[in-house]
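Peer 1: The amino acid sequence is not available; the structure is as follows:
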């Protein structure tokens, strides 16, 4: 995405590609999709507001492409409150939360458990309808 070291595509192309891929998966009969910024390497523990803004626009476009599919978002690395905000703004159904209950050391640095803060934030912004699919321990 814009602002990351390896950024090379304009937002319009990223949005088009995400929607085309979502359409392909929808046509293949999947039950749900997750939008991730997995190519924003190297990951940072605190992605900037440009990442949250971009993920909101992309997620809203994917929602429009797939209005009846279960859709979620993950913002890497462990930007779980930002993911809740994106899901709420884009009308998504869930987030994937990394580092939910166990802190760990990862290639990005120390990832602290976020369950208490995340669930309080979800309540504060009125997003209790957004499900949290959480890693118990980091998957890697």
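Peer 2: That came through, no problem. What you are looking at is a predicted structure, and each value in this text was computed from that prediction instead of being measured.
Peer 1: these two touch, right, residue 42 and residue 109?
Peer 2: No: the pair residue 42 / residue 109 is not scored as a contact, 10.6 Å apart, by CB atoms under 8 Å. C-beta coordinates here come from the backbone N, C-alpha and C atoms, glycine included.
Peer 1: Pick out whichever of the two has more residues nearby.
Peer 2: residue 109 (13 against 10; other CB atoms under 10 Å).
Peer 1: Count the residues that sit near the residue lying closest to that one once chain neighbours are set aside.
Peer 2: Spatial nearest neighbour of residue 109, excluding adjacent residues (CB to CB, 6 or more residues apart in numbering): residue 45 at 5.5 Å. By other CB under 10 Å, 15 other residues sit near residue 45.
Peer 1: Any figure for the gap between residue 45 and residue 79?
Peer 2: Distance, residue 45 to residue 79, by CB to CB, to the nearest Å: 8 Å.
Peer 1: what do you get for residue 1?
Peer 2: Distance from residue 1 to residue 79, by CB to CB: 12 Å.
Peer 1: Residues that sit against both of those two, list them.
Peer 2: Here residue 1 and residue 79 have residue 51 as joint contacts, going by CB atoms under 8 Å, 6 or more residues apart in numbering.
Peer 1: which one of these two has more residues nearby?
Peer 2: residue 79 (27 against 21).
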